[in-house]
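# Got a predicted structure here, sequence first:
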Amino acid sequence: MEKRPLGSSGLEVSAIGLGCMTMTGGYSTTPDRQEMIALINRLRTELGLTVLLIEHDMKVVMSISDRVTVLDHGEKIAEGSPAEVRANPKVIEAYLGAPAE
């Protein structure tokens, strides 16, 4: 499988079949993150592709997603728009902890 570098970020993109790709290499700087966001947005707008993103950087997820599914220990706890997910009590508890009593 051919891997191609993505700009100067060090990310590598592999095309697998039709409309599926994996990105490896991570990103550690804001320019790298912005480059990845721009690539995903281009795939969506210019090519009309649906992108399945598995990502832990919430700034990235919330800035480019139309729909978000949240897992906690492998169990789906929320699904919806970024705004709906951000306000979901289960998501808040899973990622920030339960409120003090």
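Arrived safely.
# domain ranges for this protein?
The record's domain parsing of the chain by automatic domain parsing lists 1-51, 66-101.
# Out of those, name the one with the poorest average pLDDT.
Here the lowest mean pLDDT among those goes to domain 1-51, at a mean of 67.
# tell me the contacts of Val70?
Neighbouring residues of Val70 by Cβ atoms under 8 Å, 6 or more residues apart in numbering: 76-79, 85, 88, 90-91, 94. (Glycine included, C-beta is placed from N, CA and C.)
# which element is it on?
Val70 belongs to strand 68-72 when assigned by DSSP states H and E.
# buried ones in that strand?
For strand 68-72, the buried set under the neighbour-count rule, 16 or more other Cβ atoms under 10 Å, comprises 68, 70.
# between the helix or strand immediately after it in the chain and strand 68-72, how many degrees?
Using DSSP H and E, the helix or strand that follows strand 68-72 in sequence is strand 75-80. Taking axes from the mean of the first three to the mean of the last three Cα atoms, to 10 degrees, one finds that strand 75-80 is oriented at 160 degrees with respect to strand 68-72.
# Tell me the span between the first and last residue of stretch 63-81.
One end of stretch 63-81 sits 11 Å from the other (Cα to Cα, to the nearest Å).
# Do a quick rundown of the helices in the chain.
Taking DSSP state H as the criterion, the chain contains helices spanning 30-46, 58-64, 82-87, 89-96.
# Compare those and give me the one nearest Asp72.
Within the helices of the chain, the stretch nearest Asp72 is helix 89-96; the backing value is 4.2 Å (Cβ to Cβ).
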